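> Need coordinates for the following:
(one chain, ligands or ions: 1)
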Amino acid sequence: MKITVINGPNLNMLGRREPKYYGSMTLGDIEEMLRGLGRELGVDVDFYQSNIEGELVNALQKAGTDCDGVILNGGAYTHTSVAIRDAVAAIGVPVVEVHLSNPHTREDFRKISLLSDVCVGTIAGFREESYSLGLLWFAGRKGQAS
Ligand code: DQA
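Numbers count the residues shown, from 1 in each chain. Take a look at the predicted model:
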């Protein structure tokens, strides 16, 4: 099983960015943690990050043909991007939406996700563990059709 973790804008700044919401781990730390968990679970994990909407659309389309599922933190595009939503809906593999913070406890504009209803599920508010929980869900489905 191969899972691609896709991170959107400003997530390359983790570690320095608003630690009260996002914690102190860098994106590199999170990738290392997920790679280790993937090894334990027998899941290959790939990573992609971009600050650019169209590049995230390209990465989702590629993931749709290259891997068995996607863990997606769309960052601020979660709340604004019809293009990313359409890409999630278009690809044939399950996408789990994740957030480090819990957007429902924050500003009103973060309470709307254009992605949630085209994703299989949403995991939010558990900091970096939101990604681990997504990976555990995929590992539990190994061998099942998508
Ligand atoms: C985020 C929440 C978004 O509202 C925000 O724009 C982000 C990060 C999260 O992981 O908590 O960039 O997706």
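
> With only the CA atoms kept, save the lowest-mean-pLDDT helix or strand in the chain in PDB.
When the helices and strands of the chain are scored by mean pLDDT, DSSP states H and E, helix 19-22 comes last with a mean of 96. In PDB, the C-alpha atoms belonging to helix 19-22 read as follows (Å, rounded to 0.1, in the frame of the first residue of the first chain):
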ATOM      1  CA  PRO A  19       2.800  27.100  17.600                       C
ATOM      2  CA  LYS A  20      -0.300  27.600  19.700                       C
ATOM      3  CA  TYR A  21      -2.300  26.200  16.800                       C
ATOM      4  CA  TYR A  22       0.200  24.000  15.000                       C
END
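
> what's it in contact with?
Defining contact as C-beta atoms under 8 Å, 6 or more residues apart in numbering, one finds that helix 19-22 is touched by 14, 100-101, 106, 127. Using the backbone N, CA and C atoms, a C-beta is placed for each residue, glycine as well.

> In terms of helices and strands, where is the most centrally placed residue in the chain?
Centrality entry for the chain: nearest residue to the mean C-alpha point is residue 72, 2.1 Å, by C-alpha atoms, centre = their mean. Applying DSSP states H and E as the criterion places residue 72 in strand 69-73.

> Check whether that strand comes near the ligand.
Yes. Using C-beta under 6 Å from any ligand atom, strand 69-73 reaches the ligand at residue 73.

> re earlier: can you sort out which of the contacts of helix 19-22 also neighbour the ligand?
Among these, the ligand is touched by 100-101 when using C-beta under 6 Å from any ligand atom.

> Only whichever of the contacts of helix 19-22 are buried, select them in ChimeraX.
Restricted to buried positions by 16 or more other C-beta atoms under 10 Å, the ChimeraX selection for the contacts of helix 19-22 reads:
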select :14,100,101,127
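
> Spatially, which two of the contacts of helix 19-22 are the most separated?
14 and 106 (16.6 Å; C-beta to C-beta).
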